[in-house]
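Chemist: only geometry, no sequence info:
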Ligand code: HT8
C-alpha cells in the first residue's frame, strides 16, 4: 500500500493533536506537567481510538445471525504489551513515532513503560493470545472469554541466586486498553444445596439454593487484526460483590461478617494461580473456573438470544472451544441452564451442548490432569455434581452396551474416579461433553489416542485429531525482529505476514546468496550486541556478542530439563579445568523462566544455574570463553530481546512430555538452530527444516518405554561413565556452592535415585550433539545458510495455519483468507 506523503504528514499532525488532546482531557495534564506515564496513556488512548470504529462494527456484527461466532474459553490470556502490537497491526508505527518525536518524546521509551498483562503462566496462555490474533487476522468473529485477574503472574526477582516472588500489580497505573462494561454483568451462584420439586406443569425439576452469589463484570480489550480493519476482543470477567455491604449484619454489630461476603467475592478474581502444569488444585481455583465459565456461558446465551435464534441452533451460531480442562465445567453449566432455567429436555440439551463444545488437551503429565475431590466439588457446585452424575450414568450406559460385561473399561471411562478417594475427572467431562477433542502436535495427539484417552479413542476415533500449535508472525517476527523482517520483506514482499505458509518459503533460494547471508549475519549480530548491553546493564556480566548464544527460556520444570543443559556447561568447564589450553567454541548460555512458587526442585535448578554461573564466569582458566546468564523475570515483554538474538535454541524435554512447545517455533522463526529431542512439535519443526538443519539427540518415546521395561538404573551410569561422574562429583564437592556440600543434594539424589526424566541417560547423546554444533558454528556461511533455511521453512508454524485447521476441522466456520 502506497500512501501519499501529504496524507502521512496530515496523519502525523492529527496524531500529534490527538495525543495532546488526550493528555489534556483524559490525563488532566498539560505538556509541562506530564509524566512519562501520562504521555504513554495519552498515546495509548490515541491509538485505541483508532480501533474504535472497527471494534464497534464487530459489536454490530455479533447480532448477525448468519455469521458463526467463535468463543475461546481460557483461564489464561498472555497477550503481552498492547501498544507495539496495535501500531504494527494498524500500520501506523512510523507515523506515531514521528508524532511522538515532534512532541519531544521517544516512542521506544513510552513502549518500555507499558505494564504487560501477565494473565498467563506460559505456553498455554500465550497460545490463546496468538489464536485470538490469528482469528482476527483471518476475519473470524471471535470473543476470548477469561478472567480479569487483579494480579497476574508474579514478578520474579533473584536474590543470591534464589527466586523471590513479587506481586504483579499490573493495574496500578491504570489500563488504557480495556473498557469496563459495567452494565454488562452476571450473577454467579456458589455453594449451598439443591431442592427437587414438581413444577406447575407437573415436571420434575431442580432448584439450586446457593450459599452466596457473586457478580461478574465484563471488561473488554480489543484485539486488532493485521491491517485488515477487523477487531475482535477479549471479554474478561472481574469478580465483585453483589451487595458491597451486608447492612443487616452491620446493624447487628457483626462488622466482620458484613465485609466477609465482599472480600470473598473479590478474592475470586484476585490472582492467577502460578503453576504451569500443577499438582491438584484448591477450592479457590475451582471457584475461579466456575466463575468465569458461568459468566461466559450466560453471555453466550444472551448473544444467541439477541440474534433471535432458537436455542437448538446454538451449535450453528457459536463454537465454544475449551482451552484445556480449566473451563470444562462449562459442559455442566450449559446443561444446567438449559434444563433448570430454560426447561429444555435432557436429550435436546445434551445434543446442543455436545455440538457446541470442543476440547483441546495440552498435557499428558498425570499430575497436571485436573481432578477435583468429590466433597469439594459437592460443596461448591452441588447442582453441577448431580448433572455430572446423570451425564456419567448415560455415558456409561452406552459404554456398557458397546462392551457388555467389561467393568474395567467402564471404570476407566467414568467421569468419576472411584479408586480410593473419589474425584471428578475434568478431562473425561470435557471429552464426553465435546464433539471434538484435539491434541496440540502430531506426537501429542498420537499419545493422547494411545495413552491417556485410549478407551475414549477406541470408542469414538473420529472425535480425536491433532492440530499443531502455531505462533503469530506479527508479534514474533515483525514486531520483535523488525530488522530481520525488513530483510525478508525486501526480498519476497510482505505476503508472508498473512500467508506465511505459502510465502516465506520464497526465501529458500537466498540461503546460498553471499550478500544476503552477509546482511542476515549483520542483523543477527546487531541483536546480539543489543542483548549484550542489556545483560551487562541488568547483571553486570559482560558477554561476548561474537560467542554462540545458546538460549533456553521457558518455565522451569524437571521434565523440560534445564539441569541437562547445566550438566553440559559443567562438562565443558571440567574439560577446560583439565586442559586450560583446550580449543573450544566460546558460548554464552542464557537461561530464563519462572518456577512455580511451591516447586522446590525448580527453584533449586534456578539456584544451580546461578551457582554454576558465578564460578564459571569468574574463573581465569575459562578466560571468558563460557558465560552463564540468568535473564530475570522472563515474560512476553522481555522476550523481545531474547528470541531474535539466539543462535541456538534448547528444546530438550524428555520425549513424550512436552505436548508441543511454542518457544521452539519462535526461535526457529527468528533464525536460531535447534538442539532438540523427538518431542512435541520439535519433530515437525525438524521435518520442515530438514534433518540436516536440525540437531537431534536423545531417546525417543519408544526407547524410553523399552528402557522402563528392562529397568533403568541411573546410578550405574554414574558409576560407569567418567564424564557424568566428574560432573556430579563437582556438584557434590561444594565448589559451586561456596563449600556447601548439601545444597544440591535433593537434585543429585533424584538423578541418582530414579531420574524420572532420563537426564543421565540422555547426557551423552546431548553432549556429543553439542560438540557437533560447536563444529558447525565455526563454518559461518554454512551456519547462516541453515539459519535462513529454518526461517524459510517455518511457514507451517504460523498460528494462522493452526486457526484455519480449527475452523475447518472443528468449528465449521469460514476464515477469510
Ligand atoms: C504445554 C506446552 C504447549 C502449550 O500448553 C502447555 N500446557 C500447559 N502449559 C503449556 O505450556 C498446561 C497444561 C495443564 C495445566 C496448565 C498448563 C493445568 C493447570 C494449569 C496450567 O506444556 O507443551 O505448547 C500450548 O499447547
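Modeler: Right, received. Where do you want to start? It should be emphasised that the depicted structure is a prediction, and the values quoted were computed from it without experimental measurement.
Chemist: Quick one, grab the pLDDT at the residue in the chain that the ligand sits nearest to.
Modeler: Here the chain gets closest to the ligand at one residue, residue 123, 2.6 Å apart by CB to the nearest ligand atom. To be clear about C-beta, it is placed using only N, CA and C from the backbone, and glycine gets the same treatment. Per-residue pLDDT puts residue 123 at 98.
Chemist: What is the neighbour count of it?
Modeler: Using other CB atoms under 10 Å, residue 123 has 26 neighbouring residues.
Chemist: which parts of the protein sit against the ligand?
Modeler: Contact residues (CB under 6 Å from any ligand atom) of the chain with the ligand: 121-124, 127, 275-278, 324, 362-363, 368, 440, 469, 658-662, 680.
Chemist: same thing but 8 Å
Modeler: Contact residues, the chain versus the ligand (CB under 8 Å from any ligand atom): 75-76, 121-127, 273, 275-278, 281, 324-326, 360, 362-363, 365, 368-370, 440-441, 444, 469, 555, 658-662, 680-681.
Chemist: So residue 396 is in contact with residue 414, correct?
Modeler: Yes: using CB atoms under 8 Å, residue 396 makes contact with residue 414 at a distance of 6.2 Å.
Chemist: picking that back up, gap between the residue of the chain closest to the ligand and residue 76?
Modeler: To residue 76, residue 123 is 10 Å away according to CB to CB, to the nearest Å.
Chemist: Also residue 598?
Modeler: For residue 598, the distance to residue 76 - CB to CB - is 18 Å.
Chemist: Settle it for me: which of those two has more neighbours?
Modeler: The neighbour count for residue 598 versus residue 76, taken as other CB under 10 Å, is higher for residue 76 (27 against 11).
Chemist: And that one, how far from residue 462?
Modeler: Counting by CB to CB, the gap from residue 76 to residue 462 is 30 Å.
Chemist: Kindly report the same for residue 707.
Modeler: On the measure of CB to CB, residue 707 and residue 462 end up 34 Å apart.
Chemist: which one of the two has more residues nearby?
Modeler: Set residue 707 next to residue 462 and count neighbours by other CB under 10 Å: residue 707 wins out with 14 against 8.
Chemist: contacting residues around the more buried one?
Modeler: 699, 758, 761 (CB atoms under 8 Å, 6 or more residues apart in numbering).
Chemist: What helix or strand is it located in?
Modeler: If you go by DSSP states H and E, residue 707 is part of helix 701-710.
Chemist: Name the next helix or strand downstream of that helix, please.
Modeler: helix 714-720.
Chemist: Can you tell me what sits against that following helix?
Modeler: With contacts defined as CB under 8 Å, 6+ apart, helix 714-720 is touched by 724, 725, 728, 751, 752, 753, 754, 755, 760, 761, 763.
Chemist: bridging residues for the nearest residue to residue 55 once chain neighbours are set aside?
Modeler: Excluding the flanking residues, the one nearest residue 55 by CB to CB, 6 or more residues apart in numbering is residue 231, at 4.2 Å. Taking DSSP bridges as the rule, residue 231 bridges to residue 224.
Chemist: again, but for the one 10 residues further on
Modeler: For residue 241, the residues forming beta bridges with it (DSSP bridges) are residue 214.
Chemist: Pull up the gap between it and residue 470, please.
Modeler: Counting by CB to CB, the gap from residue 241 to residue 470 is 41 Å.
Chemist: Counting neighbours, go ahead and name the busier of those two.
Modeler: Taking other CB under 10 Å, residue 241 and residue 470 do not tie; residue 470 has more neighbours (30 against 19).
Chemist: is it true that that one touches residue 126?
Modeler: No: Residue 470 lies out of contact with residue 126 (CB under 8 Å); the separation is 11.3 Å.
Chemist: what do those two both touch?
Modeler: Shared contacts of residue 470 and residue 126 (CB under 8 Å, 6+ apart): residue 662.
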